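> Following is a predicted model, sequence given first.
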Amino acid sequence: MNSQLEQDTDGVLEQKGNRWRLRFTRPLPQPPETVWRAITESEHLEAWFPQRVVGEWAVGAPLRFEPRGGEFPPFDGEVLAYEPGSTVEFRWGTDLIRLEVAPTESGCTLTLIDTIDELGKAARDGAGWHVCLDALGHHLAGTDPPGTVGERWSVVHEGYVERFGPEAATIGPPAGL
């Protein structure tokens, strides 16, 4: 993670009470409505989100997250906030995920915030979201990301361990990598 572009797309780690928050801010050249569809419609989520999302985007609606490769059991979540075109927030297992789309002069800005309980998984999850958001960027551009998910995760994970510190890297790679 040496280039300025990569540094600008890295996640940051913030403490929030007794929890931790990973925050990613990505400028995107696509219009907000295109990015909104990519973060809420099943056929687009398949290209970048770590699991298949089953359920409807409505506040209070249950969600189910199903692994594509069967590497772990499905788990549940719930939609906590939904403002069409701008904000969706949901429980993803024990994490809280918030996605915000804001228009800019040159497209939009996508912000992903993952609130986690355990500092020890911050580097793992930071690298995971970094790779997912890179895949989203490729999907929006109509290109394929280079290498495998595991290869891309391994490359960026080292940088997150270095930036967040060893206490943020006590939990290893996700299943299937």
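Cool, got the structure. Numbers count the residues shown, from 1 in each chain.

> can you list contacts of stretch 42-51?
By C-beta atoms under 8 Å, 6 or more residues apart in numbering, the list of residues contacting stretch 42-51 from outside reads 37-39, 52-53, 65-68, 74, 128, 132-133, 135-136, 139, 174. Where you see a C-beta, it was placed from the backbone N, CA and C, and this is true even at glycine.

> what distance separates it from the middle of the whole chain?
When distances are taken as C-alpha atoms, centre = their mean, to the nearest Å, stretch 42-51 is centred 11 Å away from the chain's centroid.

> Do me a favour and get the end-to-end distance for it?
11 Å (C-alpha to C-alpha, to the nearest Å).

> Could I get the buried residue list for that stretch?
If you call a residue buried by 16 or more other C-beta atoms under 10 Å, then stretch 42-51 has these buried ones: 44-45, 48-51.

> Of those residues, just say which sits nearest to residue 101.
Comparing the buried residues of stretch 42-51 against residue 101 with C-beta to C-beta picks out residue 44 as the nearest, at 13.0 Å.

> State the next helix or strand along the chain beyond the strand or helix carrying that closest one.
Secondary structure here is read from DSSP states H and E; on that basis residue 44 sits in helix 42-45. Under the assignment DSSP H and E, the closest C-terminal helix or strand after helix 42-45 is strand 52-55.

> Looking at that next one now, give me its mean pLDDT.
On average, the pLDDT along strand 52-55 is 96.

> Could you name the helices and strands sitting against it?
Contacts of strand 52-55 with other secondary structure elements, assessed using 3 or more C-beta pairs under 8 Å, 6 or more residues apart in numbering; DSSP states H and E, are made with helix 42-45, strand 62-66.

> Just checking: what are the partner strands of that strand?
Looking at strand 52-55 with DSSP bridges, its paired strands and their directions are strand 62-66 (antiparallel).

> starting at the chain centroid, how far to the partner strand?
The gap between the average C-alpha position of strand 62-66 and the chain average comes to 16 Å, counting by C-alpha atoms, centre = their mean.

> same question, stretch 28-47
Centre-to-centre, stretch 28-47 and its host chain are 13 Å apart (C-alpha atoms, centre = their mean).

> picking up where we left off before, could you turn the buried ones of the contacts of stretch 42-51 into a ChimeraX selection?
In ChimeraX, a selection of the buried entries from the contacts of stretch 42-51 looks like this (16+ other C-beta under 10 Å):
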select :38,39,53,65,128,132,133,135,136,139,174
